[in-house]
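Chemist: no sequence for this one, just the structure:
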């Protein structure tokens with residue numbers, strides 16, 4: 001009986017506390033292509049994100065928990081580079097300065113970047129990042145009429161979709 005009560009208390013505590021990195025979904029249509037980004041959205045919580053929690057120069061899963069995925073219903077061009085229709089694991093290599101690398105990987109079922117392999121990359125593209133005027137507390141993806149926006153902490157970038 002004590003075990004059941006303890007289990008119930010733990011479950012209620014978890015639900016009432018909430019998830020630190022809740023599952024999120026960004027959806028939209030660009031030029032007739034349906035786009036879905038599924039990710040877990042971590043919070044800044046007073047931490048230094050890029051260069052500390054997310055180290056520079058290393059592959060990062062672009063979210064928390066399981067890998068972030070991006071699905072395209074049709075073939076697209078991302079920042080001018082061709083990518084076939086399908087679902088991709090989305091990774092980022094943040095770098096010091098303004099140039100980051102965005103990675104669309106064929107492996108979608110990993111946890112973090114532990115199982116990431118460069119040989120599974122479908123597309124790698126450079127991206128320029130910008131500073132946010134106001135810090136973005138929760139990590140955010142948004143599909144607009146022409147691009148996919150990423151924003152978290154003091155950093156933003158976009159991926160133009162054609």
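Modeler: Okay, I see it. This structure is a prediction, so every number in the text was calculated from the model and none was measured.

Chemist: quick check: closest non-adjacent residue to residue 123.
Modeler: By the measure of Cβ to Cβ, 6 or more residues apart in numbering, the closest residue to residue 123 outside its immediate chain neighbours is residue 104, 4.4 Å from it. Heads up, the C-betas are built off the backbone N, CA and C, glycines and all.

Chemist: which helices and strands sit right next to the host helix or strand of the one you found?
Modeler: Using DSSP states H and E, the element containing residue 104 is strand 99-105. If contacts are counted by 3 or more Cβ pairs under 8 Å, 6 or more residues apart in numbering; DSSP states H and E, strand 99-105 sits against strand 86-93, strand 121-128, strand 147-160.

Chemist: re earlier: so what sits opposite the residue nearest to residue 123 in the bridge?
Modeler: residue 90, residue 123 (DSSP bridges).

Chemist: I figured it hits residue 120, correct?
Modeler: No - under the criterion of Cβ atoms under 8 Å, residue 104 is not in contact with residue 120, lying 9.9 Å apart.

Chemist: give the residues shared as contacts by these two.
Modeler: Listed as contacting both residue 104 and residue 120 by Cβ atoms under 8 Å, 6 or more residues apart in numbering are residue 89.

Chemist: give me the more crowded residue out of the two.
Modeler: Between residue 104 and residue 120, counted using other Cβ atoms under 10 Å, the more crowded position is residue 104 (24 against 16).
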